[in-house]
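Student: Give me a 3D structure for the following:
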Amino acid sequence: MIVNVEGARLFFDVAGPGLHAAAGRMEARPTLIVLHGGPGFDHSPMRPYFDRYADTHQVVYLDHRGNGRSSGAPDSWTLRQWGRDVKSFCEALGIEKPVIFGVSFGGMVAMSYAIQFPDHPAKLILSSTAAKLDLRATYAIMEERGGAHAREVAERVFATADDAAMEEYRSVCIPLYNTTADPDAAAARDRAIIRHEVARHFFLGEMRTMDQLPALARIACPTLILAGRHDPITPVPCSEDMAAAIPAGLAQLLVFDNAGHGVHRDDPDGADKAMRAFLAA
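Tutor: Take a look at the predicted model:
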């Protein structure tokens with residue numbers, strides 16, 4: 001499905017009803033908006049895992065502006081605009097007080113949205129993400145896990161972001177992101193829409209100077225932060241910094257000792273238990 005939002009056509013898909021047929025009445029369910037990582041991917045890597053929450057929420061998957069099946073001019077590929085898109089998307093569809101889940105780059109977008117519109121979300125879930133990256137730490141972890149070559153590939157992708165570097169990064173460094181092998185990884189890559197130009201735009205531009213930490217003081221809703229102890233791209237200290245920057249009493253940080261990037265990939269049961277407790281609270 002497509003909706004026109006601020007000069008872009010945004011693709012979205014839905015799992016589960018917004019109105020549940022209960023005994024004697026139609027029961028409204030809250031909306032959980034799932035923001036994918038990247039940039040340069042679509043929402044497909046988030047499925048089917050997050051479909052499970054359709055038993056309590058209407059789950060909405062959004063392809064960010066310029067990503068996947070969504071359009072949008074390159075000069076609008078900014079964290080500010082991606083964050084604005086979340087609110088405008090909700091307004092276009094009549095979604096009120098959504099729960100926002102963002103993983104990796106999607107978490108950066110979720111923070112941008114919550115900073116700009118602190119009264120809009122009901123809750124945030126920020127998974128394996130960062131308000132400010134520490135690439136020196138990432139390079140050191142890549143070298144520790146994959147040797148000097150892995151470090152060199154990581155340094156090259158964030159310096160040039162050309163297609164060859166990104167393809168090599170995908171084969172050499174992405175496998176170091178997680179503690180368990182994903183048997184469906186090949187199928188997930190095959191079905192994903194990958195747009196290198198969006199990643200290149202972000203890697204060589206805004207990502208280098210991004211620092212949303214001071215503005216996290218504007219967040220006004222309960223926020224669950226999920227981090228993997230072995231995450232090389234958004235290490236645990238990034239999550240600790242986020243939790244410290246969010247107003248007291250709103251942030252809960254959970255670190256999963258046996259997980260890497262995207263804790264639901266390495267510890268699906270643990271991530272599910274944590275999310276369901278937070279969603280139900």
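Student: what's the helix or strand for the nearest residue to residue 2 once chain neighbours are set aside?
Tutor: The spatial neighbour of residue 2 that comes closest, neighbours along the chain excluded (C-beta to C-beta, 6 or more residues apart in numbering), is residue 9 at 5.1 Å. Yep, even glycine has a C-beta here, placed from its N, CA and C like the rest. For residue 9, the host element (DSSP states H and E) is strand 8-15.
Student: Just the C-alphas of that strand, formatted as PDB.
Tutor: Output in PDB follows, covering the C-alpha atoms of strand 8-15 (Å, rounded to 0.1, in the frame of the first residue of the first chain):
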ATOM      1  CA  ALA A   8       7.100  11.200  -1.200                       C
ATOM      2  CA  ARG A   9       5.100   8.100  -1.800                       C
ATOM      3  CA  LEU A  10       5.700   5.800   1.200                       C
ATOM      4  CA  PHE A  11       5.100   2.100   1.000                       C
ATOM      5  CA  PHE A  12       3.600   0.300   4.000                       C
ATOM      6  CA  ASP A  13       2.200  -3.100   4.900                       C
ATOM      7  CA  VAL A  14       0.000  -4.200   7.800                       C
ATOM      8  CA  ALA A  15      -0.300  -7.400   9.900                       C
END
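Student: by contact count, what packs against the host helix or strand of residue 152?
Tutor: In the assignment (DSSP H and E), residue 152 maps to helix 135-159. Helix 135-159 sits against helix 163-172, with contacts defined as 3 or more C-beta pairs under 8 Å, 6 or more residues apart in numbering; DSSP states H and E.
Student: how about low-confidence regions in the stretch 101-250 of the chain?
Tutor: 185-188 (pLDDT under 70).
Student: show me where it has strands.
Tutor: For the stretch 101-250 of the chain, the strands defined by DSSP state E, counting those that start in this stretch occupy 123-127, 223-228.
Student: could you dump these to a markdown table with mean neighbour count and distance to residue 45?
Tutor: Formatted as a markdown table, the strands of the stretch 101-250 of the chain follow (neighbours: other C-beta atoms under 10 Å; distance: least, C-beta to C-beta, whole Å):
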| stretch | mean neighbour count | distance to residue 45 |
| --- | --- | --- |
| strand 123-127 | 26 | 13 |
| strand 223-228 | 26 | 16 |
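Student: Out of these, flag the one nearest residue 278.
Tutor: strand 223-228 (4.5 Å; C-beta to C-beta).
Student: what separates the closest one from the chain centre, distance-wise?
Tutor: The chain centroid and the centroid of strand 223-228 are separated by 11 Å, computed with C-alpha atoms, centre = their mean, to the nearest Å.
Student: now stretch 148-160
Tutor: 23 Å.
Student: Likewise for stretch 263-276?
Tutor: On C-alpha atoms, centre = their mean, the centre of stretch 263-276 falls 15 Å from that of its chain.
Student: who touches stretch 42-54?
Tutor: 11, 13, 15-16, 32, 34, 36-37, 59, 61-63, 67-69, 101, 103, 188, 191-193, 264, 268, 272, 275, 279 (C-beta atoms under 8 Å, 6 or more residues apart in numbering).
Student: Can you tell me which of the residues you listed are buried?
Tutor: When the contacts of stretch 42-54 are checked for burial by 16 or more other C-beta atoms under 10 Å, the buried set is 11, 13, 15-16, 32, 34, 36-37, 59, 61-63, 67-69, 101, 103, 192, 264, 275, 279.
Student: Count the neighbours of the nearest residue to residue 122 once chain neighbours are set aside for me.
Tutor: Spatial nearest neighbour of residue 122, excluding adjacent residues (C-beta to C-beta, 6+ apart): residue 97 at 4.1 Å. Neighbours of residue 97 under the rule other C-beta atoms under 10 Å: 13.
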